[in-house]
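Enquirer: Next input, structure requested:
(2 chains)
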Amino acid sequence: MADKVAIEFRQVKKLFGTIPAVDGVSLQIYEGEFFSLLGPSGCGKTTSLRLIAGFETPTGGQILIDNQPQQDLPPHKRLVNTVFQNYALFPHMTVFQNVAFGLEMERVPAEMKNQRVRTILDLVRLPGMEDRRPRQLSGGQQQRVALARALVKHPKVLLLDEPLGALDLKLRKAMQVELKTLQLQVGITFVYVTHDQEEALTMSDRIAVMNEGRVLQVGTPQEIYENPNSRFVADFIGETNFIPARVEQTDPHLIISTVNGELLTAERDNQSLQQGENAILSIRPEKIQLAPADETVSFEPPGQSRLMGQVIQAVYLGTDTRYLIDLSGGIQITARLQNINGTETRFRPGDAVQVLWDAHHARVLREESGFPGKSIIE
Amino acid sequence: MNDMVFDSKSRLKIGRLNRVLGDPATKGLTLIIPAVIFLLVFIIFPLILVLFLSVLTRGNYGEIVYRLNLNNYLRLLDPLYLRILIYSAWTAALTTIGTLLIGYPLAYYIARAPRRQRSFLIFLILIPFWTNFLIRIYAWIMILRTEGLLNSFLLAVGLIHTPLEILYTPLAVIIGMVYEFLPFMILPLYASLEKIEPSLFEAAADLGARPWKIFFRITLPLSLPGMIAGSILVFIPAMGMFVVPDLMGGAKTLLVGNLIKNQFLTARDWPFGAAASMVLLVITLIFTLIYTRRTGFGEELLV
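Expert: The predicted structure follows:
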C-alpha cells in the first residue's frame, strides 16, 4: 500500500457548546486505504467525518486533505465526497439527474457527463434505472445511487457515514463484500464510519476505534482484535472475558494474581503497568482450552496459564460449543471450543474443569475508571 | 380466556355488519354517505340555487321574476364588465405574486430557524389575525392615508416633501390584499420547506453546489408544492374580495367581488349578481386548472 497520506488530523478538536464531540484526534489515513472509524454512538466518528467533508469546522487543530489545510474551505471546494447515512438522494430528480448533479456543478460538457454517468451506473450495477425516481427504488438500489453520485466526481477520498445501516442483514452482508470489491476496483481512499465491529473487521484495511471523542487505537483488524490496547477496545471488538487481577511482578515476566490468589504469567504488553497496580486480564473465548479436572495435561508456566473452574452451562452452537464456566473467585468466563469431529461434547454442567490458555493470547490491561469490574459475556 | 370471548363477539358483530352492507362496493358507497350529504347540503345545493337564480329575471322593484333566459350572462359580455373581470384577475394575480415574494423569504427563514423557535415564529405570523378583519384594514388606512403614519414619517425624515397619495389607489388595494392573504401563502410554503431534509442541502454542497445553486436546484423545486398550494389559497379568495377594494380603493377600484356585492345589496339585481358569481366561479376554476396542470399538481405534491 502506498504510504502517501490522503487525510491527516492534527490534534483536531470539535466542541458543541461546551461538550467535546472530537477531543484532540490525530490520525493519518493513507491513499487507497479502506479506513474505518469505529465506535459506539456518540463517540465522535460521524463528527470526524463531517469535519473532513467540511460540514463542521474544527474548534481546534487542523485537517489536511492531500496535504492541504482545509480550514476555511466550504464543502463544495473539497476533494472529498460523501455517501450519507440516509442516502440524501434528491427526491425530485431521476437517478440519472441525481448522479449527473455533481458533474453539472463542475460544468462537465454534456457528452462527457452522460458517458461518465453511464459508466458509473454500470459500475454500481444499476443500468436501465436512469429514469426512475429515488422513491421507486429499493433500499439497496438507493444505496447504489448514493454511491454512484459520489463516485462519479472521482473524489480523492470517499466518505461513507454508516451507509449500510438502513439495510437488512442479508443485504448488508452482500453490500459489505460489494463495497470492498468496489473500493479495490476504483482505488479511491474510503473513510467508513460504522458502529458495527463485524462490518469494520470485514472491510477495513485499518480501523480507528473511537470512544468519547478520542481515538483509542489504530491498527489493522488483526492488530485490533488480537492486541487491544485498552479494556474498551478489547470489549468493543469481538467477545472477550475479563478477569480482575493485580500486578505482582513486572520483570522478567509479568506476573499477576487473580482475585482467588492464583498467580499467572502473562506476556508483557506495551503498557507501563506498575507493580501493585490493579489490572484486568482479557482472554478471548476461542483461545481457551478445557480439560477434565483430574486429567494430567502438559502445563508449563510461564508459557501457559491455568485456572480451575466448574461448567455452569454448555450450549451447542454447531460450529462450536460455548461453555459458561464459574471460576472459584465467583467470576464467570466463556469458552468456545470448536467442534471439529462433531463428537466433542465432553463437558456437562457441574463438571470440574481446568481452564487453560497460552500466555501470549492473554492481554493484561490497565483497569479503567468507569467500567464495572465484571466479566462481560457476549 | 376473556380476550377470546371478546374477540369472537366482536368478530360476530363485524360479520353481521358485513352481511348488512353486502358486497365491498356497497360497503364503499355506504362509507362515503356522510361526505356526500355534507357536499350536497353545503356546496351542491347552494350552487344549484345560484345557478337557477342566474337564469331568472329582475322585476321592476328588485323582485325575482321566474322568467328563464340568459340575458344576465349576455349582459356580462359588455366590455365594461369584461374589463372588471380582467382587472380582478390581474389584481388577484398581483396579490398572489406579492404574497409569494414576501412570504417565501419569511417561510424560508422560519423553516431554517432552530426547531424550538419555529412554532413561536409561526405564532407571531398569526397573531395579527386574531383581531377583526375590518380593524386590520382600518389600521392600514391609518398608515397609508395622506396624513397617516407613513407619510408623517417620510415627511419628518425629509425623504419626501409632499405626501404620497397611496390610499384609494389600486396600489393600496394590492397592499391591503397582500397583507390580508399573507398567512395563506406562508403556512403551506413553510410546511413544504420544513419538510426538506437538511441532509439534501449538505449533499448538494458536497457535490459542488454553491449556496445559490442549492437554492435553485434543490430548495425551490422541492418547495413547489407549497408555492402551488399557497398560490391557490391566495388567488381564489383574492378574485372575489370586495371589502379591501371598497375601503382602501375608494370608489375608483371596482373588482368583480364589489360588482357582485353591489348587485345583491345595492342594485337589488339578484339574478345578475348570481350570473356574475357563476362566471367568477368558472373563471377561477379555469385559472386554477391551468396553473396546476402547468406546474404538475399531482406528482410534485407527493414528494
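Enquirer: Now do the same contact list for residue 277.
Expert: If you meant another chain, say so; for now it's chain A. Contact analysis of A:E277 by C-beta atoms under 8 Å, 6 or more residues apart in numbering or on different chains lists A:246-247, A:366-367. For the C-beta atoms, the positions are set from N, CA and C on the backbone; glycine is no exception.
Enquirer: sorry, should have said chain B
Expert: Going by C-beta under 8 Å, 6+ apart, B:S277 touches B:50, B:54, B:260.
Enquirer: In terms of pLDDT, where does it sit?
Expert: The per-residue pLDDT reported for B:S277 equals 93.
Enquirer: ditto for B:L149
Expert: Per-residue confidence (pLDDT) for B:L149: 89.
Enquirer: nearest residue to it other than its sequence neighbours?
Expert: B:I143 (4.7 Å; C-beta to C-beta, 6 or more residues apart in numbering or on different chains).
Enquirer: Hmm, that neighbour is touching B:N151, no?
Expert: No - between B:I143 and B:N151 there is no contact under C-beta atoms under 8 Å: 9.0 Å.
Enquirer: buried subset of the contacts of A:E277?
Expert: Buried members of the contacts of A:E277, counted by 16 or more other C-beta atoms under 10 Å in any protein chain shown: A:246-247, A:366.
Enquirer: Now for the nearest residue to A:I256 once chain neighbours are set aside: which residues touch it?
Expert: Closest residue to A:I256 apart from its sequence neighbours, by C-beta to C-beta, 6+ apart: A:A245 at 4.1 Å. By C-beta under 8 Å, 6+ apart, A:A245 lies in contact with A:256-259, A:264, A:278-281, A:364.
Enquirer: Recalculate using a threshold of 10 Å.
Expert: Neighbouring residues of A:A245 by C-beta atoms under 10 Å, 6 or more residues apart in numbering or on different chains: A:254-259, A:262-264, A:266, A:277-281, A:362, A:364-365, A:367.
Enquirer: before we move on, what about B:L220?
Expert: The neighbours of B:L220, taking C-beta under 10 Å, 6+ apart as the test, are A:92, B:104, B:214, B:227.
Enquirer: Residues in contact with the one helix or strand the third one maps to: which ones?
Expert: When elements are assigned from DSSP states H and E, B:I214 belongs to helix B:211-214. Applying C-beta under 10 Å, 6+ apart, the contact partners of helix B:211-214 are A:74, A:76, A:101, A:104-105, B:200-205, B:207, B:219-220.
Enquirer: Which single residue in the stretch 51-200 of chain B comes nearest to chain A?
Expert: B:S199 (4.0 Å; C-beta to the nearest C-beta).
Enquirer: can you give me how far the strand or helix carrying that residue is from the chain middle?
Expert: Using DSSP H and E, B:S199 sits within helix B:198-206. Counting by C-alpha atoms, centre = their mean, to the nearest Å, helix B:198-206 is centred 33 Å from the centre of its parent chain.
Enquirer: The closest residue to B:Y73 other than its chain neighbours and chain A: what is the separation?
Expert: Once flanking residues are discounted, B:Y73 sits nearest to B:A275: 5.3 Å by C-beta to C-beta, 6+ apart. As judged by C-beta to the nearest C-beta, to the nearest Å, B:A275 and chain A stand 43 Å apart.
Enquirer: B:A275 - how many residues pack around it?
Expert: 27 (other C-beta atoms under 10 Å in any protein chain shown).
Enquirer: residues of the helix or strand where A:Q217 lies that come out buried?
Expert: In this structure, A:Q217 sits in strand A:214-219 according to DSSP H and E. Neighbour counts over strand A:214-219 (16+ other C-beta under 10 Å) mark A:214-219 as buried.
Enquirer: Report the mean confidence score over the helix holding B:I214.
Expert: Helix B:211-214 comes out at a mean pLDDT of 95.
Enquirer: Restrict that helix to CA atoms and write it as PDB.
Expert: Provided in PDB are the C-alpha atoms of helix B:211-214 (Å, rounded to 0.1, in the frame of the first residue of the first chain):
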ATOM      1  CA  PRO B 211     -25.400  28.300  -2.000                       C
ATOM      2  CA  TRP B 212     -27.400  29.900  -4.800                       C
ATOM      3  CA  LYS B 213     -27.200  26.700  -6.900                       C
ATOM      4  CA  ILE B 214     -28.500  24.800  -3.900                       C
END
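Enquirer: In a strand, B:L289, correct?
Expert: No - B:L289 sits outside any strand when classified using DSSP: H, G, I helix; E, B strand; the rest coil, being helix.
Enquirer: Pull up the per-residue confidence for it.
Expert: 86.
Enquirer: who does the helix or strand where A:V145 lies touch, helix- and strand-wise?
Expert: For A:V145, the element it lies in under DSSP H and E is helix A:139-151. Counting contacts by 3 or more C-beta pairs under 10 Å, 6 or more residues apart in numbering or on different chains; DSSP states H and E, helix A:139-151 packs against strand A:80-83, helix A:95-105, helix A:110-123, strand A:157-161, helix A:169-186, helix B:198-206.
Enquirer: Give the burial count for B:L155, as a bare number.
Expert: Using other C-beta under 10 Å, B:L155 has 15 other residues around it.
Enquirer: Work out the gap between whichever strand or helix holds it and the centre of the chain.
Expert: B:L155 belongs to helix B:149-157 when assigned by DSSP H and E. How far helix B:149-157 lies from its chain's middle: 33 Å, per C-alpha atoms, centre = their mean.
Enquirer: Please apply the same query to stretch B:62-72.
Expert: Remark: stretch B:62-72 is offset 31 Å from the chain centroid, using C-alpha atoms, centre = their mean.
Enquirer: residues of the helix holding A:V145 that come out buried?
Expert: A:140-151.
Enquirer: Give me the distance between the closest residue to A:I283 other than its chain neighbours and chain B.
Expert: In space, and not counting its chain neighbours, A:I283 is closest to A:A362: 4.7 Å by C-beta to C-beta, 6+ apart. For A:A362, the distance to chain B (C-beta to the nearest C-beta) stands at 45 Å.
Enquirer: What residues does A:A362 make contact with?
Expert: Residues in contact with A:A362 (C-beta under 10 Å, 6+ apart) are A:241, A:243, A:245, A:254, A:256, A:264-267, A:269, A:281-284, A:287-288, A:305.
Enquirer: and what of A:I333?
Expert: A:240-243, A:283, A:285, A:288, A:307, A:309, A:323-327, A:355, A:375, A:377 are the contacts of A:I333 under C-beta under 10 Å, 6+ apart.
Enquirer: ok, 8 Å please
Expert: A:I333 makes contacts with A:241, A:243, A:283, A:285, A:288, A:309, A:324-325, A:327, A:355, A:375, A:377, as judged by C-beta under 8 Å, 6+ apart.
Enquirer: Show me which residues of whichever helix or strand it is part of are buried.
Expert: Following DSSP H and E, one finds A:I333 within strand A:332-338. Buried residues in strand A:332-338, counting neighbours by 16+ other C-beta under 10 Å, are found at A:333-337.
Enquirer: packing partners for the helix or strand that it is followed by?
Expert: Past strand A:332-338, further along toward the C-terminus, the next helix or strand under DSSP H and E is strand A:352-358. Counting contacts by 3 or more C-beta pairs under 8 Å, 6 or more residues apart in numbering or on different chains; DSSP states H and E, strand A:352-358 packs against strand A:289-292, strand A:304-316, strand A:320-327.
Enquirer: Quick check: which of the ones you listed is nearest to chain B?
Expert: Nearest of these (C-beta to the nearest C-beta): strand A:304-316, 35.3 Å.
Enquirer: For that closest one, which outside residues touch it?
Expert: Residues outside strand A:304-316 that contact it (C-beta under 8 Å, 6+ apart) are A:243, A:258, A:262, A:264-266, A:293, A:299, A:321-328, A:332-333, A:339, A:345, A:347-359, A:362.
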